[in-house]
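[1] I would like to see how this sequence folds:
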Amino acid sequence: MGHNHSHDHTHGANKKALMISFIIITAYMVIEAIGGFLTNSLALLSDAGHMLSDAVSLGVGLLAFKLGEKVASYHKTYGYKRFEILAAVFNGVTLILISLYIFYEAYHRFMDPPEVASTGMLVIASIGLIVNIVVAWILMRGDTDENLNLRAAFLHVLGDLFGSIGAVSAALLIMFFGWGWADPLASVLVAILVLVSGWRVTKDAVHVLMEGTPKNVELDDIINTIEKIEEIIAIHDLHVWSITSGQNALSCHAVVDGELSVHESQKLLRSIEQKLEHKDIGHVTVQMESEEHPHEDSLFCQNDHESVSRSHDHSK
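    Numbering: from 1, shown residues only. This next block holds a predicted model:
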């Protein structure tokens, strides 16, 4: 019960952090875009473009949290929790596309550097830097380690923060040395950061969608924990995956020693659940089998059971 309360509190804090960040970022994104057009600065425009993706990212993130609260149904037995991961994929791909566009624009600017109103650029970029520091601090107070959706939003803002530093530096270089190429150079540095963070978020989200082993779960440790239980001889058909950020699930078949009574089976299940809860596995499904029950020798199920039993018969 306490665990659920803690999860609800974290969920509420994450949603609030996203809401505040969304309002601040959206408001300043409009200002920076106008400033970029007026000062003719690609560094500002690329930062504004990144901020637009931030605003979309945060908006989709908020929607993901809202949909994630919807209860499970006959059509969606896990509810809408996976939407959060889809939002993270969307954010990651958006970042990659934006970075490629910035590279394209910067190339043309290097070939023909335009006049940039450096003073206006410096003022707008400096305010943008302060805005990004504030938003990054708000998001850092949320659960950016466990929650992939919040981490995606945080990485967007972090990219923006470096973008603002680049824009400030470029404005100073143009003001004092007249280096027009500093503007597209700053935008390229932003694009590299955006590309790296976009790739990481997309990769992590796809890993969850592919039902890969969660990063915070040590599989060998899980196997040893279950197999160390006295009544369990071996396990097979083991699967460990994430339903959504911070919610891991496990299912396996356990070969038990002798015939267990209902009471003994329940006691054994409770023991497994308690041990795995300390290993960040919240949802556990165990199918118990006797040694006489036909089963595979492999730890991970590679085929459907019918083909496996046929291959076993054939080998005999």
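[2] any idea how far the nearest residue to Val89 once chain neighbours are set aside lies from Ala87?
    Among residues not flanking Val89 along the chain, Ala205 sits closest, at 4.4 Å (CB to CB, 6 or more residues apart in numbering). (Glycine included, C-beta is placed from N, CA and C.) Separation of Ala205 from Ala87 (CB to CB, to the nearest Å): 8 Å.
[3] tell me, what's touching these two both at once?
    Common contacts of Ala205 and Ala87 (CB atoms under 8 Å, 6 or more residues apart in numbering): Ala152.
[4] for the protein, which strand is longest?
    strand 232-244 (DSSP state E).
[5] Might you report the residue contacts of Ala249?
    Contacts of Ala249 by CB under 8 Å, 6+ apart are 240-243, 281-285.
[6] Can you get me a residue count around Ser242?
    24 (other CB atoms under 10 Å).
[7] Could you double-check that it lies in contact with Asn248?
    Yes: counting by CB atoms under 8 Å, Ser242 does reach Asn248; the two are 5.4 Å apart.
[8] Can you check which residues contact both of these two?
    Contacts common to Ser242 and Asn248, judged by CB under 8 Å, 6+ apart, are Pro214.
[9] Pull the number of nearby residues for the spatially closest residue to Val168 that is not a sequence neighbour.
    Residue nearest to Val168 in three dimensions, not counting chain neighbours: Ala125, with 4.5 Å by CB to CB, 6+ apart. Ala125: 29 surrounding residues under other CB under 10 Å.
[10] mean confidence for the host helix or strand of Ala125?
    Element membership for Ala125, per DSSP states H and E: helix 118-140. Averaging pLDDT along helix 118-140 yields 88.
[11] In the helix or strand just after that helix, which residues are buried?
    Next in sequence after helix 118-140, counting helices and strands by DSSP H and E, comes helix 148-177. Neighbour counts over helix 148-177 (16 or more other CB atoms under 10 Å) mark 148-174 as buried.
[12] host element of Leu250?
    With DSSP H and E as the test, Leu250 turns up in strand 247-256.
[13] Pairing partners for that strand, with directions?
    Using DSSP bridges, strand 247-256 pairs in its sheet with strand 232-244 (antiparallel), strand 283-289 (parallel).
[14] which stretch among these comes nearest Val217?
    Closest approach to Val217 among the strands paired with strand 247-256 (CB to CB): strand 232-244, 5.8 Å.
[15] So what touches the closest one?
    With CB under 8 Å, 6+ apart as the criterion, strand 232-244 contacts 68, 78, 81-82, 84-85, 148, 208, 211-214, 217, 219, 222-223, 226-227, 248-257, 268, 281, 283, 287, 291, 295-301.
[16] Only the buried subset of those residues, as a ChimeraX command please.
    Selecting the buried subset of the contacts of strand 232-244 in ChimeraX, with 16+ other CB under 10 Å as the burial test, is done by:
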select :68,81,82,84,85,148,208,214,217,222,223,226,248,249,250,252,253,254,255,256,268,281,295,296,301
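[17] you'd agree Leu155 is up against Val201?
    Yes: at 6.0 Å, Leu155 and Val201 qualify as touching, with contact defined as CB under 8 Å.
[18] So for those two, which residues contact both of them?
    Joint contacts of Leu155 and Val201 (CB under 8 Å, 6+ apart) are Leu95.
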